[in-house]
Every structure is written in structure tokens, then in C-alpha cells.
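My questions concern the predicted model and sequence given below.
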Amino acid sequence: MEQFLEEQYDIMDVSLLAGKIMLESGAETYRVEDTMMRMAAAYGIKESHSYVTPTGIMFSIETEEPTKTKLIRISVRTTDLKKVAMVNSTSRRITNGELTVSQAYRELKEIHTSDVTFPLKLRIAAASIASGCFLIMFQGSWIDFISAMVAGGLGFMSVVYFERLIPIKFFSEFIAALIVGILSFLFVHTGLGMHLDRIIIGSVMPLVPGLLITNAVRDLMAGHLLSGLAKGAEAFLTAFAIGSGIAVVLTFL
């Protein structure tokens, strides 16, 4: 009996760890819940229940014994779709019977501790190129292309730096938008750019919380009203911080 109970707790730990990785990496709430229950079912748990919010996960299994429930807190959330894909791959292997409980836990632990993000220099370069491309997409001129690239790249670098320096939500986005606005104004003032509005629009696009907005809408459509509203509020406040940074520049310069 003790071995049976221990095995059940191990299955719960595997499911919770998979859910934690996915939620911290930017997965939708309904996807996290579905993955956790599928993994538990693959290990013989006939009925399980998961309740996921952006800040916590509750997971329980029903057996002949009293219902067992575990809760974990989610304090860090970022965007890392590579880890979401890796957990999905592990989940499929569990469903196909290719992994034991201990093997799955070790694999998920490796995914959780691994750093699969691209190098910072590459991400800054990608943000710079994206800023220039957004400028052209919004019917900007090629004269402003380099200005948008520089402002967008430095703005993205500012977000990364200030998130590490000052762990205050929305502060890094505000400062980054402030830097983008100042740089855009200087480029236009010195003749290196022509259209201030289009340079700013192109440069702030890498800062826009697109994934948050998408996940909020998808969670609302899936019936997860609490998670959808919470993510929508977070996306709104992020967009407000970006707009406030630009507004300060346009007001005082």
C-alpha cells in the first residue's frame, strides 16, 4: 500500500513539474491542464483534476483512498516556446508508454533547468531587424530603416537589462519605451530620420505583449475566464507602460 501511494505521489510530481514548466514558459492555461491530465491518465490514474491560474497550479487525483491534492506557486513567467514544445514531446512519449515515471521526471527536470534560449546578441539583432521590417510594413520610408533598427534593438536590450536589475513588473517596459522615444526624437532632430511617429511605432513592436494577448483570448474562448482576464490585464498594463514611456517623451521633448 505504501509503495502504491508513493507511486501516485510520483505521478502527481511529474504532472505538476510538466505544468510548471509550460506555465512559466508562456503556454495557455487550457493546454497546461490538458497536458497534466493526459500524463496522469497515461500512468493509470483514472480520474484527475487540474486547476491552473497564471500564478498557481492545483492538481488532484481521485482513488479509493481520500483525494490527494498538491499546490505549487508560479512566480516567474516568461516566453520560451521551445520548452513548451519539449514538454509536449515528453508528454507524447509518456502517452505512448515509452517513459517510466522516474524517467519522465528526470527528463522534465533536465528541461526545467536547461537554458534553451537564443544568445542575447542574437535576440537583440532579431529585435533590430524586426523593428526595421515593422517600419516598412507601416509604410515608413527606407531612410528611417536604420534609425528604427537601432532604437528597437536598444529598446529590447533595455528591457532585458532592467528586468534583471530591478524586478518590478512593468518598470522595464516603461524605461525601454522611454529610451526608444528619446532615441527616435534624436534621430529625427539630427536628420538621421524623417518620420518620428513611424520610427517609434516600428521600434516598440518587439516590446508589445503579443503572446499574452493571444493567450488571453484563447483562454477566454476555452472558458478559462479567470486566467483569460488575468492575462488580459497583464497585457493591458504592459501596453500602458509602453504607451506611458512614449507619452512622456512626446510631452517633454
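Everything's here; your move. These figures come from a predicted structure and were not determined experimentally. Numbering: from 1, shown residues only.

For the rest of this, base every contact and every neighbour count on C-alpha atoms.
Fine.

Below-threshold pLDDT in the stretch 101-250 of the chain: ranges please.
Judged against pLDDT under 70, the stretch 101-250 of the chain has no low-scoring part.

hey, where'd the helices end up in the stretch 151-253 of the chain?
Per DSSP state H, counting those that start in this stretch, the stretch 151-253 of the chain has helices spanning 171-189, 196-204, 210-221, 225-252. These are given in chain order.

Check those helices for me and report the most buried one.
Most buried of the helices of the stretch 151-253 of the chain, by mean neighbour count (mean count of other Cα atoms under 10 Å): helix 196-204, with a mean of 25.

what's the closest of the helices of the stretch 151-253 of the chain to Tyr51?
helix 225-252 (10.3 Å; Cα to Cα).

end to end, how far does stretch 213-231 reach?
7 Å (Cα to Cα, to the nearest Å).

Could you shift the numbering so residue one becomes 21, and keep it that way?
New numbering, starting at 21: the last item is stretch 233-251.

Please list the outside residues in contact with that stretch.
Contacts to stretch 233-251, defined as Cα atoms under 8 Å, 6 or more residues apart in numbering, come from residues Ala47, Glu48, Thr49, Tyr50, Val72, Thr73, Pro74, Leu232, Gly252, Ala255.

Show me the residues you listed that map onto strands.
With strands taken from DSSP state E, the overlap with the contacts of stretch 233-251 comprises Val72, Thr73.

Adding distance to Ser35, write the contacts of stretch 233-251 out as JSON lines.
Below are those laid out as JSON lines (distance: Cα to Cα, whole Å):
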{"residue": "Ala47", "distance to Ser35": "15"}
{"residue": "Glu48", "distance to Ser35": "16"}
{"residue": "Thr49", "distance to Ser35": "14"}
{"residue": "Tyr50", "distance to Ser35": "14"}
{"residue": "Val72", "distance to Ser35": "12"}
{"residue": "Thr73", "distance to Ser35": "15"}
{"residue": "Pro74", "distance to Ser35": "17"}
{"residue": "Leu232", "distance to Ser35": "24"}
{"residue": "Gly252", "distance to Ser35": "26"}
{"residue": "Ala255", "distance to Ser35": "28"}
